[in-house]
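Novice: Quick one: sequence and predicted model below, then my questions.
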Amino acid sequence: MGRNKSFLLYASSSEQFDRLMDKNIWPIQICSVDYSIDFPSKVPSSYSILALDVPAQWNLLEFELDTKKQYPTIIKVERLYIKGGIPISKVGIDFFIQSRT
């Protein structure tokens, strides 16, 4: 086999993605051929929202703590910036939703 071949897999659900990311499910060989898997270094956020009209002057840590009181599944709150590092009134919020499998 002189040629390298690659396959790109896409998951159609968070459960499927979680399963594909489990290194223990993958066989050692496919069709009697060794292979390697390049897992993504950054896991995409399946459950995220963009909060609008959050004043750039607000303390983001306070905003995060107050918001987490109401929504404890929040795992990340991140202010968005425009070119030059200027904060804008948009905040990305990522949630953790546990699989029901």
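Specialist: It's in.

Novice: give me the number of residues near the closest residue in space to residue 86 that isn't next to it in sequence?
Specialist: Nearest non-adjacent residue to residue 86, counting by Cβ to Cβ, 6 or more residues apart in numbering: residue 56, 7.9 Å away. For the C-beta atoms, the positions are set from N, CA and C on the backbone; glycine is no exception. Burial of residue 56 is recorded as 14 neighbouring residues (other Cβ atoms under 10 Å).

Novice: which sections of this structure are below the confidence cut-off?
Specialist: 1-4, 41-46, 97-101 (pLDDT under 70).

Novice: which residues of it fall in strands?
Specialist: Counting by DSSP state E, the chain has strands at residues 29-30, 33-34, 48-51, 74-82, 86-95.

Novice: Next, format the ones you listed as TSV and append distance to residue 64 and mean neighbour count.
Specialist: Output for those, formatted as TSV (distance: least, Cβ to Cβ, whole Å; neighbours: other Cβ atoms under 10 Å):
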stretch	distance to residue 64	mean neighbour count
strand 29-30	44	9
strand 33-34	45	8
strand 48-51	11	13
strand 74-82	4	14
strand 86-95	9	15
